[in-house]
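> kindly return the folded structure for what I paste below:
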Amino acid sequence: MADPILISRLRCPECDHEEDMEMPTNACLFFHNCAGCGVRLQPLQGDCCVFCSYGTVPCPPIQEGDCCHG
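All right, here's what the predicted structure looks like:
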């Protein structure tokens, strides 16, 4: 199995600000404050983290098929 991709670009749904972020390999990130407008992002229903909801790449646990959610 290939190593997970660790960088994802988050896009804020409120202001469209984009930010490249390094994802943790052993956890899901539930909250993130947008650097553009300050809104607090949280996962959409059914997603485990902000990367899965707003990122260009899903979180490493999802990539590896071993997510902490449900």
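> use CA for all of it now, contacts and neighbours both
OK.
> quick one: low-confidence parts of the protein?
1, 67-70 (pLDDT under 70).
> show me what contacts the spatially most central residue of it?
Against the mean C-alpha coordinate of the chain, by C-alpha atoms, centre = their mean, the closest residue is residue 51 at 1.2 Å. Contacts for residue 51 (C-alpha atoms under 8 Å, 6 or more residues apart in numbering) come out as 8, 10, 23, 29, 43, 57-59.
> check which helix or strand it maps to.
helix 50-54 (DSSP states H and E).
> how about residue 28?
Per DSSP H and E, there is no helix or strand for residue 28.
> quick one: the helices in the chain?
50-54, 60-63 (DSSP state H).
> deepest of those, which one?
When the helices of the chain are scored by mean count of other C-alpha atoms under 10 Å, the highest mean neighbour count falls to helix 50-54 (a mean of 23).
> what distance separates that helix from the centre of its chain?
Distance of helix 50-54 from the chain centroid (C-alpha atoms, centre = their mean, to the nearest Å) equals 4 Å.
> what of stretch 15-33?
4 Å.
> restricting to C-alpha, output it in PDB.
Provided in PDB are the C-alpha atoms of stretch 15-33 (Å, rounded to 0.1, in the frame of the first residue of the first chain):
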ATOM      1  CA  CYS A  15     -15.000  33.000   2.000                       C
ATOM      2  CA  ASP A  16     -13.300  30.600  -0.400                       C
ATOM      3  CA  HIS A  17      -9.900  31.100   1.400                       C
ATOM      4  CA  GLU A  18      -7.600  28.200   0.600                       C
ATOM      5  CA  GLU A  19      -4.800  26.900   2.900                       C
ATOM      6  CA  ASP A  20      -2.400  24.000   2.400                       C
ATOM      7  CA  MET A  21      -2.200  22.000   5.600                       C
ATOM      8  CA  GLU A  22      -0.300  19.000   6.800                       C
ATOM      9  CA  MET A  23      -2.700  16.300   8.100                       C
ATOM     10  CA  PRO A  24      -2.100  14.300  11.200                       C
ATOM     11  CA  THR A  25      -1.500  10.600  10.400                       C
ATOM     12  CA  ASN A  26      -3.100   9.100  13.500                       C
ATOM     13  CA  ALA A  27      -6.100  11.300  14.200                       C
ATOM     14  CA  CYS A  28      -9.000  13.200  12.500                       C
ATOM     15  CA  LEU A  29      -9.100  17.000  12.800                       C
ATOM     16  CA  PHE A  30     -12.600  17.900  13.900                       C
ATOM     17  CA  PHE A  31     -12.300  21.700  13.900                       C
ATOM     18  CA  HIS A  32     -10.300  24.300  12.100                       C
ATOM     19  CA  ASN A  33     -10.600  28.100  12.200                       C
END
